[in-house]
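Student: Sharing a sequence plus its predicted fold:
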Amino acid sequence: MKLHATVLGEGKPILILHGFLGMSDNWKTVGKELAGAGYEVHLIDQRNHGRSPHSEEFNYLVMARDLKEYIDSHSLANCILLGHSMGGKTAMTAAALFPHILDKLIVVDIAPKYYAPHHQQILEGLQAIEEASLSSRGEAEDLLAEYVKEEGIRLFLLKNLYWKTKTRLALRLNLEALIKNIEEVGQALDPDAVYNKPTLFIRGERSDYITVEDERLIEKHFPEAEVVTIPKSGHWVHAENKKAFLQAVMNFL
């Protein structure tokens, strides 16, 4: 599958994978900073997200293979791979399957364990948007507010809106496939998966996605891993405390 990406800067390649219901645009600010520090940053849309192709098939194995195909088709080598949330799971899977194409791995606020589906309300809200005939972003936000109370999460989700025609808004997401495969999003890393190169796990201080108990599991899969906690941040670490997040990344690199 030919993934869509935005490439910034020149230098050693850093590939960035967004989270569930996100898109590469969510990482543009961080991408520009890393490009300014001398890296070639690839902001990638994963399948069924952003401007990448849609497919009924959706799991971490196919998304890891999508990434390998992207790296091969762009003749990239010695890559640094950074993934947030769902993107972190894709990154972990790809690192264990194709360690030779990577130098370092950065996983943001997700552990290699199983997570039960917890996006029901959000998916219902997005479904309501898809079924309604909306002609303004304001209408979409009002409708989504009935399902999602947090304004920050609403704004993040509404980035998926685009003008399909001059008068009709639509979502870039392949919502049908994502709802159908929702169980796949929380899947644990393969029990035998191991990546033996330098790895950084970043967690938000106010997030419960990576617990102290998870550190033993992280060490099992990633023997060279270190875990860093970013203060004053939740699950969207890079947006909530960008300065400390970038500092942690640069120190690791």
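Tutor: Happy to help now that I have it. Numbering: from 1, shown residues only.
Student: What mean pLDDT does stretch 152-171 get?
Tutor: Stretch 152-171 carries an average pLDDT of 91.
Student: before we move on, what about stretch 52-64?
Tutor: 98.
Student: start to end distance for that stretch?
Tutor: One end of stretch 52-64 sits 14 Å from the other (Cα to Cα, to the nearest Å).
Student: Check stretch 17-32 too.
Tutor: 15 Å.
Student: residues in contact with it?
Tutor: 4-6, 8, 16, 41, 43-46, 49-51, 67, 81-88, 90-91, 119, 122, 126, 156-157, 159-160, 172-173, 178, 185, 238-239, 242, 245-246 (Cβ atoms under 8 Å, 6 or more residues apart in numbering). Quick note: C-beta positions are derived from backbone N, CA and C, even for glycine.
Student: swap the cut-off to 6 Å and go again
Tutor: 6, 8, 16, 41, 43-45, 49-50, 83-87, 90-91, 159, 185, 238 (Cβ atoms under 6 Å, 6 or more residues apart in numbering).
Student: can you tell me which of those are in strands?
Tutor: Among these, DSSP state E puts 6, 8, 16, 41, 43, 44, 83, 84 in strands.
Student: and of those residues, the nearest to residue 230?
Tutor: residue 84 (12.3 Å; Cβ to Cβ).
Student: In this structure, which helix is the longest?
Tutor: Assignment by DSSP state H gives helix 60-73 as the longest helix of the chain.
Student: Give the other helices and strands that it contacts.
Tutor: Using 3 or more Cβ pairs under 6 Å, 6 or more residues apart in numbering; DSSP states H and E, the elements in contact with helix 60-73 are helix 86-97.
Student: rerun at 10 Å
Tutor: If contacts are counted by 3 or more Cβ pairs under 10 Å, 6 or more residues apart in numbering; DSSP states H and E, helix 60-73 sits against strand 12-17, strand 39-44, strand 79-84, helix 86-97, helix 182-185.
Student: and the fourth one with helix 60-73, angle?
Tutor: Here the directions of helix 86-97 and helix 60-73 differ by 70 degrees (axes from the mean of the first three to the mean of the last three Cα atoms, to 10 degrees).
Student: Identify the residues contacting residue 102.
Tutor: Taking Cβ atoms under 10 Å, 6 or more residues apart in numbering as the criterion, residue 102 is in contact with 15, 71, 76-81, 91, 94-95, 195, 197-199.
Student: since we're on residue 236, how many residues are nearby?
Tutor: Residue neighbour count, defined by other Cβ atoms under 10 Å, stands at 21 for residue 236.
Student: Residue 202 is in contact with that one, correct?
Tutor: No. Using Cβ atoms under 10 Å, residue 236 makes no contact with residue 202, being 11.7 Å away.
Student: In the stretch 101-250 of the chain, where is pLDDT below threshold?
Tutor: For the stretch 101-250 of the chain, no stretch has pLDDT under 70.
Student: where do the helices sit along it?
Tutor: 120-131, 137-145, 151-158, 175-180, 182-185, 214-221, 237-240, 242-252 (DSSP state H, counting those that start in this stretch).
Student: okay if I get those as JSON lines plus mean neighbour count and distance to residue 21?
Tutor: Output for the helices of the stretch 101-250 of the chain, formatted as JSON lines (neighbours: other Cβ atoms under 10 Å; distance: least, Cβ to Cβ, whole Å):
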{"stretch": "helix 120-131", "mean neighbour count": "16", "distance to residue 21": "7"}
{"stretch": "helix 137-145", "mean neighbour count": "15", "distance to residue 21": "12"}
{"stretch": "helix 151-158", "mean neighbour count": "16", "distance to residue 21": "6"}
{"stretch": "helix 175-180", "mean neighbour count": "16", "distance to residue 21": "7"}
{"stretch": "helix 182-185", "mean neighbour count": "16", "distance to residue 21": "9"}
{"stretch": "helix 214-221", "mean neighbour count": "16", "distance to residue 21": "23"}
{"stretch": "helix 237-240", "mean neighbour count": "22", "distance to residue 21": "14"}
{"stretch": "helix 242-252", "mean neighbour count": "16", "distance to residue 21": "20"}
